[in-house]
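S.K.: A structural model of the following input is requested.
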Amino acid sequence: MKLIKRAIALTAFFLLSATANAADTAKVADFSFKDIEGKAHQFSDYRGKWVIVNYWATFCAPCVAEIPALNSVAKRFKDKAVILGMEAGETSTDELKQFVAQKKVAYPIIPTQDSTMFALGLVYGVPTTFIVNPEGEIVDTHTGAVTSAMLQNYLRADNNATKLAKEKEDDCVTGFC
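M.R.: Below is the predicted model of the structure:
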């Protein structure tokens with residue numbers, strides 16, 4: 001029964017995700033959360049850096065496939081950006097710790113919490129990635145797996161991020177960007 005519910009939820013996510021790629025330039029309201037180690041964070045702690053917030057789940061194949069790209073960006077741009085992996089499934093903290101160790105995840109993983117579920121906006125499917133500039137504004141939202149090159153374009157462009165988001169939106173074919 002649990003597997004059927006999960007399959008229905010994933011199907012709904014993928015059907016709705018085709019319409020979820022529009023960029024939103026809203027400021028992110030501050031919120032608090034704890035990582036898998038129990039360490040408390042405030043979103044405002046990252047002001048002045050790019051923040052890549054990736055909603056994902058352990059059961060999601062595209063989510064797992066994008067981990068190497070996220071690891072690469074986390075390591076390469078550690079002084080300029082932070083990646084936060086917001087786990088959107090209902091995996092226990094112990095299971096998450098095992099998963100993170102097995103996959104060698106190199107960025108903070110945040111278990112599902114009330115404060116994180118809609119902190120940046122609606123998440124229609126996983127993976128969904130929000131790109132937040134150093135001023136705390138969402139400059140892009142991407143549903144589907146991200147690549148290292150896609151993320152590096154934002155981090156290298158810096159001041160042209162809003163322009164990049166608009167160009168991406170113009171270049172998208174429904175659901176595939």
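
S.K.: correct me, but T128 touches V146?
M.R.: No: using CB atoms under 8 Å, T128 is not in contact with V146; the gap is 9.7 Å. Using the backbone N, CA and C atoms, a C-beta is placed for each residue, glycine as well.

S.K.: isn't I52 right up against N133?
M.R.: No: in this structure, I52 is not within contact of N133 by CB under 8 Å, at 10.7 Å.

S.K.: Looking at the two, which is more packed in?
M.R.: More crowded of I52 and N133, by other CB atoms under 10 Å: I52, with 25 against 20.

S.K.: isn't there a strand covering that one?
M.R.: Yes: the assignment for I52 is a strand, going by DSSP: H, G, I helix; E, B strand; the rest coil.

S.K.: ok, the closest residue to it other than its chain neighbours - contacts?
M.R.: Closest residue to I52 apart from its sequence neighbours, by CB to CB, 6 or more residues apart in numbering: I83 at 4.6 Å. By CB atoms under 8 Å, 6 or more residues apart in numbering, the contact set of I83 is V51, I52, V53, N54, L70, V73, A74, Y107, P108.

S.K.: of these, buried ones?
M.R.: Among those, those scoring as buried are V51, I52, V53, N54, L70, V73, A74, Y107, P108 (criterion: 16 or more other CB atoms under 10 Å).

S.K.: got TSV for these, with distance to E90 too?
M.R.: Converted to TSV, the buried ones among the contacts of I83 look like this (distance: CB to CB, whole Å):
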residue	distance to E90
V51	24
I52	23
V53	19
N54	17
L70	21
V73	27
A74	25
Y107	21
P108	19
